[in-house]
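Asker: Structure for the following, please:
(2 chains, ligands or ions: 1)
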Amino acid sequence: MSSKAISVVTSTAVPLKIENVDTDQIIPARFLKATNREGFGKNLFRDWRYIDNDENKPHEDFVLNQKKYSGKILVAGKNFGCGSSREHAAWAIKDYGFDVVVSSFFADIFRNNALNNFLLPVVVSDGFLHKLFTAIIADPSKEITVNLPSQTITLDGGDSETFQISDYKKTCLLNGYDDINYLLSQRAKIEAFEKSI
Amino acid sequence: MSKTLFEKIWEKHVVESIADGPDVLYIDKHFIHEVTSPQAFAGLEKRGLPVFRPQKTIATADHNVPTLHQELPIKEALSRKQVEKLTENCAKYGVELYGLGHPFQGIVHVIGPELGITQPGMTIVCGDSHTSTHGAFGTIAFGIGTSEVEMTLATQCIMQGKPKVMRINVEGKLHPGVVSKDIILHIISKISASGATGYFVEYAGSTIRSLSMEARMTICNMSIEMGARGGMIAPDEVTFAYMRGRKFAPQGPDWDMKLEEWKKLKSDDDAVFDRELNIDAGDIEPMITYGTNPGQGMGISDTVPDPEKLQDESERNALRKSLTYMGFKGGEKMKGMHVQNVFIGSCTNSRIEDFRMIASLIKGKKKSPDINVMIVPGSQQVAAQIVKEGLDKIFTESGFFIRQPGCSACLGMNEDKVPAGEYCVSTSNRNFEGRQGPNARTILASPLTAAATALTGKISDVRELLNVNPA
Ligand code: SF4
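Answerer: From the prediction side, this is the model:
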């Protein structure tokens, strides 16, 4: 199994109970000047984390600054990842230490970017999302299990829901394959296609 | 079987369909810029791959360039390095670059169409969500992430699930003072910032047909702001007239041949869309936004909605959060409010037509002394055309200063930012928190509304300056 692969993630979660979180919030444009993929985690949600952009002045009530919340799963309000196509948003979330993002609705480009970076976007119903928020806020030590092979998300000792993912993408994530590996294996077909147009 | 325009173009570009998976989609044109491409080139290098079809990729520097003194080295080290990296990568991999100092440089979605690179029937991608702009020419054009930029460089293909299709029909005559930006802000306010997620949108109807190419680009540009994968408009005589004679448009017998092909690009009369929406052009007023996503817009004479009147708890909280950030109260009128800044620019509204429109409004009038105005043309060619038509004199006489081309305060990546806490009436496309600088407060509007605000210093109804009766 490749080190990138995802299968079963069991972890506590961080509840980001905000809707329409756009990628400008996830990683503001002024931090997009790097030319590599690493290190974006420290600027994740930068302007919500710090007052006046000052690392010594954290916003105490922002979830990432609340010690009681931690884990590999980010649970967020609906329409997560809208706005700019910047893949830096997925890099920042992954780099910070999350492997899964749960919401009732993801923006299209963000979902693709997440999948391409082995960050699993899990779409749940509005009702289940509400249950997750309530459970985590009531007990931050509550664990959630996201099981990719069985396509289920389960609250420790409680409710469970199934989620959708295409067979193709599931295979990629379970085995650590990139789309680009697949496309490169199709070069002959692509060249034949070019001749046909 | 009858088909939509979207389906016709999509199917023509499918190299392979994967069962319960995405399609392998062939890409005709790929635009790149300095911010979302370096990691893609680094990926190629790591894999030891060349660019598969370098002639199908075009590069420019736009997001992170200064808009003053472009002839000098970029002051900020990280920005300079990013732009240099693009130059280096393009040279190394054989990609055409319209970088700083080149007469074709400009915002990627402005230069593609004006150079005639964007052509009907194409598939076009770029690592930028406003790639939807090119859809105005009857193309499938959409934004992608950096991994997909790498895929396109390596194989000229990406893997995409086929979206659903929606048609938005706009019928009727627009009131004076109402322009294409108002149409799209109106549509987004109706459908919400996520209402078209999962869809590709075709705009149709008599109002859309009556618009110029520039105006159509403004509409397609903002498709992403309602969550749509992209937006498109079937090409017609307006499209062909715009394209004829452009630098990279087909010429001579090639043109005639292509034209015949392009004329066939439309949805069949009985094509079925997954969703249809009808908009009456007569219902549209000059629009402004009051919140922190582009769906939070209203007519200029309306009042800010009151969160306390909303039933749904999460909607109430979301609106409260937006209004707190913006410093507005439910029930308040925005018209007449004092603002400190106006930004005219971005891939939504920085084309020559936008400048002609503004010039005709400001001619003989003076800018309000207590407002900061940033005016940024979309490209070197637009900047040159402004001078050629003498519009620059009108701007100067009215007290406006025109900067050099780039994305500028649209995303506040270079030094062009709106100061914390201040308001900016902006012709750009996003009013997200901090988009124009940390704690900046953005109010989206048309170029006419922005120019009217620059003249009066207050959020203004352009119809009062034009002496037409607000409907
Ligand atoms: S002008 Fe703004 S929206 Fe357009 S490409 Fe540049 S940053 Fe993106």
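Asker: For chain A, give me the ranges with low pLDDT.
Answerer: A:1-3 (pLDDT under 70).
Asker: Nearest to chain B: which residue in it?
Answerer: At 2.7 Å from chain B, A:Y168 is the closest residue in chain A, using C-beta to the nearest C-beta. C-beta: built from backbone N, CA, C; applies to glycine.
Asker: what sits against that residue?
Answerer: B:18-22 (C-beta atoms under 8 Å, 6 or more residues apart in numbering or on different chains).
Asker: so A:T23 sits right up against A:A89, yeah?
Answerer: Yes: with contact defined as C-beta atoms under 8 Å, A:T23 counts as touching A:A89 (4.0 Å).
Asker: Mutual contacts of these two, please.
Answerer: With C-beta under 8 Å, 6+ apart as the test, A:T23 and A:A89 both reach A:81, A:110.
Asker: So for the two, which residue has more residues nearby?
Answerer: Comparing A:T23 with A:A89 by other C-beta atoms under 10 Å in any protein chain shown, the one with more neighbours is A:A89, at 31 against 26.
Asker: can you tell if the helix or strand where that one lies touches the ligand?
Answerer: Here A:A89 sits within helix A:88-96, counting by DSSP states H and E. No: using C-beta under 6 Å from any ligand atom, helix A:88-96 stays clear of the ligand, coming no nearer than 13.6 Å.
Asker: helices or strands next to that helix in the packing?
Answerer: Packing partners of helix A:88-96 (3 or more C-beta pairs under 8 Å, 6 or more residues apart in numbering or on different chains; DSSP states H and E): helix A:23-26, helix A:108-116.
Asker: what about the last one and chain B, any contact?
Answerer: Yes: contact of helix A:108-116 with chain B is found when judged by C-beta under 8 Å from any C-beta of the partner chain, involving A:108-109, A:112-113, A:116.
Asker: Please export the C-alpha coordinates of that helix as CSV.
Answerer: The C-alpha trace of helix A:108-116 is given here as CSV (Å, rounded to 0.1, in the frame of the first residue of the first chain):
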residue,chain,number,x,y,z
ASP,A,108,-17.0,20.9,-7.4
ILE,A,109,-13.4,22.1,-8.0
PHE,A,110,-12.6,21.7,-4.3
ARG,A,111,-13.9,18.1,-4.3
ASN,A,112,-11.7,17.2,-7.2
ASN,A,113,-8.7,18.9,-5.7
ALA,A,114,-9.2,17.1,-2.4
LEU,A,115,-9.5,13.7,-4.1
ASN,A,116,-6.3,14.4,-6.1
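Asker: How many neighbouring residues does the residue in chain A that the ligand sits nearest to have?
Answerer: Nearest residue of chain A to the ligand: A:S84, at 7.1 Å (C-beta to the nearest ligand atom). The local packing of A:S84 (other C-beta under 10 Å) involves 30 other residues.
Asker: likewise the one 3 residues further on?
Answerer: The number of residues packed around A:E87, counting by other C-beta under 10 Å, is 30.
Asker: Then the one 5 residues further on?
Answerer: As a burial measure, A:A92 scores 23 neighbours (other C-beta under 10 Å).
Asker: mind listing the helices for chain A?
Answerer: Using DSSP state H, the helices of chain A run over A:23-26, A:46-49, A:88-96, A:108-116, A:126-138, A:167-175, A:179-185, A:187-196.
Asker: So what's the residue count around residue 151?
Answerer: Chain wasn't specified; assuming chain A. Neighbour tally, A:Q151, other C-beta under 10 Å: 14.
Asker: wrong one, I was asking about chain B
Answerer: B:M151 has 28 neighbours, counted by other C-beta under 10 Å.
Asker: Mind pulling up the pLDDT for it?
Answerer: With respect to pLDDT, B:M151 scores 98.
Asker: next one: B:V110
Answerer: On the pLDDT scale, B:V110 gets 98.
Asker: Next: B:A471.
Answerer: Confidence score, pLDDT, at B:A471: 53.
Asker: what about the residue of the stretch 151-300 of chain B found nearest the ligand, which helix or strand?
Answerer: Residue of the stretch 151-300 of chain B nearest the ligand, by C-beta to the nearest ligand atom: B:N221 (7.6 Å). Counting by DSSP H and E, the element that carries B:N221 is helix B:213-221.
Asker: Kindly export that helix (C-alpha atoms) in PDB.
Answerer: What follows is helix B:213-221, C-alpha atoms only, in PDB (Å, rounded to 0.1, in the frame of the first residue of the first chain):
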ATOM      1  CA  MET B 213     -19.200  39.700 -26.600                       C
ATOM      2  CA  GLU B 214     -17.700  41.700 -23.700                       C
ATOM      3  CA  ALA B 215     -21.100  41.700 -21.900                       C
ATOM      4  CA  ARG B 216     -21.500  38.000 -22.500                       C
ATOM      5  CA  MET B 217     -18.100  37.300 -21.100                       C
ATOM      6  CA  THR B 218     -19.000  39.200 -17.900                       C
ATOM      7  CA  ILE B 219     -22.000  36.800 -17.500                       C
ATOM      8  CA  CYS B 220     -20.200  33.600 -18.200                       C
ATOM      9  CA  ASN B 221     -17.300  34.800 -16.000                       C
END
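Asker: quick one: that helix to chain centroid distance?
Answerer: Centroid separation between helix B:213-221 and its chain, computed with C-alpha atoms, centre = their mean, to the nearest Å, is 8 Å.
Asker: number of nearby residues for the spatially closest residue to A:N113 that is not a sequence neighbour?
Answerer: Closest residue in space to A:N113, ignoring its immediate chain neighbours: B:G145 at 3.8 Å, by C-beta to C-beta, 6 or more residues apart in numbering or on different chains. Look at B:G145: counted by other C-beta under 10 Å, it has 29 neighbours.
Asker: can I assume B:I284 is in contact with B:D182?
Answerer: Yes: the criterion here is C-beta under 8 Å, and B:I284 meets it with B:D182 at 5.4 Å.
Asker: about what we covered before: just give me the least confident of the contacts of A:Y168.
Answerer: B:D20 (87).
Asker: separation between that residue and the ligand?
Answerer: Distance from B:D20 to the ligand, counting by C-beta to the nearest ligand atom, to the nearest Å: 34 Å.
Asker: quick one: the closest residue to that residue other than its chain neighbours from B:E148, how far?
Answerer: Nearest non-adjacent residue to B:D20, counting by C-beta to C-beta, 6+ apart: A:D167, 4.1 Å away. Using C-beta to C-beta, to the nearest Å, A:D167 is found at 20 Å from B:E148.
Asker: Looking at these two, which is more packed in?
Answerer: B:E148 (29 against 11).
Asker: Alright, calling it a day.
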